[in-house]
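S.K.: what would the 3D arrangement of this be:
(one chain, ligands or ions: 2)
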Amino acid sequence: MSEPTARKHTALPKARILIEALPWLTRHHGKTVVIKFGGNAMVDDELKAAFAQDVVFLRHAGLRPVVVHGGGPQISAQLDRHGLVSEFKAGLRVTTDDAMDVVRMVLAGQVQRELVGLLNRHGPLAVGMTGEDAHLMSATKHFAEIDGEQVDIGRVGQITEIDTGAVQALLDDGRIPVVSSIARSADDAHVYNVNADTAAAALAVALGAETLVVLTDVEGLYADWPNSDDVISKLTASRLEKLLPELASGMVPKMEGCLYAVRHGVTTARVLDGRVPHAILLEIFTDEGIGTMVLPDGTVIDQRDKGGKGGNGHQDNQGDKGEDQ
Ligand SMILES: Nc1ncnc2c1ncn2[C@@H]1O[C@H](COP(=O)(O)OP(=O)(O)O)[C@@H](O)[C@H]1O
Ligand SMILES: CC(=O)N[C@@H](CCC(=O)OP(=O)(O)O)C(=O)O
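M.R.: Numbering: from 1, shown residues only. Ligands and ions are numbered 1, 2, ... in the order given. Sure, this is the predicted structure:
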């Protein structure tokens, strides 16, 4: 009759793992988390399935997850099939009227549908929408700024207004909104292409989210990219602001989005490696913080403050203290 005891012992590590999550479950319960799922982190089927599991896990753990997705590589591939070139200026796609049709078709008709399908394998949870639906995102024309000049990049929008009503209703109903980064035009009958990082950050602020999570295809924000692969584990808004001019194109909208989010009420913004399976669960529910965490200025971070504001396994990065306080 010793078997039940032996079985209990073998299961103990699992219990420890669950208990490790307890402070995080307590802290995040009922909180809104906006997750940006990016194009380059989105190309592997196993990773996509793991991402969907993580988001459903968050929902069942009592959080209110909202997914905003990109699809840059998928858009570029489809434009190529149509014989249209992909050109980026200041990190944004130059979007002609023809290209806009393709962007909308790929994001809303292909990428979003796939994500909704993956999430709904776990139950009737995900509902897809674009920024056009129920006036979720309104935008006006955005001009890229290159060397101090305003450059016309076509139908690229800057968000002017967010109406969170439909998203809040879905969240209140226990659903997982999956949002494509296309905005309705505030001034004509057409739509605008919005960078998905920017859209996710704006939505996180409008929803009063606790956390913005941006998945990408690198470990996090590198301190001296491309010369070194030292990841900045944690930094404050002011330090990030100083680093922004040194960042290269793909990271610019991500880190600008993180900065905007923490400067407008979001408690933490995190950039995570979407190539790591279950990166979201590791980040949110374990002591091993991964990736880069951006915190509002003046946040006091204590490694022992498990489950407290900003206190998971993220190590202080040198130079992070003092200059930002
Ligand atoms: N300081 C930096 N730290 C990390 N990545 C950087 C940095 N500066 C530029 N990058 C580049 O930004 C890329 C991420 O942006 P992007 O490819 O647009 O991501 P996604 O497709 O996930 O939205 C990285 O693959 C890297 O090449
Ligand atoms: C204006 C602009 O550049 N829009 C992006 C929208 C998709 C996106 O942001 O996708 P990723 O997150 O995968 O890069 C684009 O057309 O590629």
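S.K.: and the next helix or strand past the helix or strand containing Met100?
M.R.: According to DSSP states H and E, Met100 maps onto helix 97-106. Going down the chain from helix 97-106, the next helix or strand is helix 112-120, by DSSP H and E.
S.K.: list the contacts of the closest residue to ligand 1 within the stretch 201-325 of the chain.
M.R.: Each residue of the stretch 201-325 of the chain has a distance to ligand 1, by C-beta to the nearest ligand atom, and the smallest belongs to Gly250, at 2.2 Å. Heads up, the C-betas are built off the backbone N, CA and C, glycines and all. Gly250 makes contact with Gly91, Thr216 under the criterion C-beta atoms under 8 Å, 6 or more residues apart in numbering.
S.K.: same deal with the one 5 residues further on?
M.R.: Listed by C-beta under 8 Å, 6+ apart, the contact partners of Met255 are Leu221, Leu240, Leu243, Leu244, Leu247, Val271, Val294.
S.K.: repeat that for 10 Å
M.R.: Residues in contact with Met255, defined by C-beta atoms under 10 Å, 6 or more residues apart in numbering, are 197, 201, 214, 221, 235, 240-241, 243-244, 247, 269, 271, 292, 294.
S.K.: kindly report the same for Asp224.
M.R.: The neighbourhood of Asp224, defined by C-beta under 10 Å, 6+ apart, consists of Asp230, Ile232, Glu246.
S.K.: so the last one sits against Trp225, correct?
M.R.: So that's Glu246. Yes - using C-beta atoms under 10 Å, Glu246 is in contact with Trp225, at 8.5 Å.
S.K.: quick one on the thing from earlier: of the contacts of Asp224, which is the most crowded?
M.R.: Each of those was scored by neighbours using other C-beta atoms under 10 Å; the highest score is Ile232's, at 24 neighbours.
S.K.: just the pLDDT for that one.
M.R.: Note on Ile232: pLDDT of 95.
S.K.: re the thing from before, secondary structure and distance to ligand 1 for the contacts of Asp224 - can I get that in a markdown table?
M.R.: Shown next, in a markdown table, are those (DSSP: H, G, I helix; E, B strand; the rest coil; distance: C-beta to the nearest ligand atom, whole Å):
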| residue | secondary structure | distance to ligand 1 |
| --- | --- | --- |
| Asp230 | coil | 10 |
| Ile232 | coil | 8 |
| Glu246 | helix | 7 |
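S.K.: switch those residues over to JSON lines; also include distance to Ala90.
M.R.: Putting these into JSON lines (distance: C-beta to C-beta, whole Å) gives the following:
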{"residue": "Asp230", "distance to Ala90": "26"}
{"residue": "Ile232", "distance to Ala90": "23"}
{"residue": "Glu246", "distance to Ala90": "15"}
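S.K.: returning to that earlier point: and the buried ones among the contacts of Met255, selectable in ChimeraX?
M.R.: Those of these that count as buried under 16 or more other C-beta atoms under 10 Å are selected in ChimeraX with:
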select :197,201,214,221,235,240,241,243,247,269,271,292,294
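S.K.: now, the contacts of Met255 that are in strands?
M.R.: Applying DSSP state E to these, the entries found in strands are Val214, Leu235, Ala269, Val271, Thr292, Val294.
S.K.: quick one, what contacts the first one?
M.R.: Shown here is Val214, whose contacts under the criterion C-beta under 10 Å, 6+ apart are 34-38, 41, 68, 70, 196-197, 200-201, 204, 220, 251, 253-255, 257-258, 261, 269-272, 274, 291-292, 294.
S.K.: ok so, going back, pick out the most distant pair among the ones in strands among the contacts of Met255.
M.R.: Taking C-beta to C-beta as the measure, these reach their widest spread between Val214 and Leu235, a distance of 14.3 Å.
S.K.: neighbours of the nearest residue in space to Asn195 that is not next to it in sequence, how many?
M.R.: Counting by C-beta to C-beta, 6 or more residues apart in numbering, the nearest residue to Asn195 once its immediate chain neighbours are dropped is Pro253, at 4.7 Å. The number of residues packed around Pro253, counting by other C-beta under 10 Å, is 24.
S.K.: any residue of the host helix or strand of Pro253 touching ligand 2?
M.R.: Under the assignment given by DSSP H and E, the secondary-structure element containing Pro253 is helix 251-263. No - Helix 251-263 lies apart from ligand 2 when judged by C-beta under 6 Å from any ligand atom; the minimum separation is 7.4 Å.
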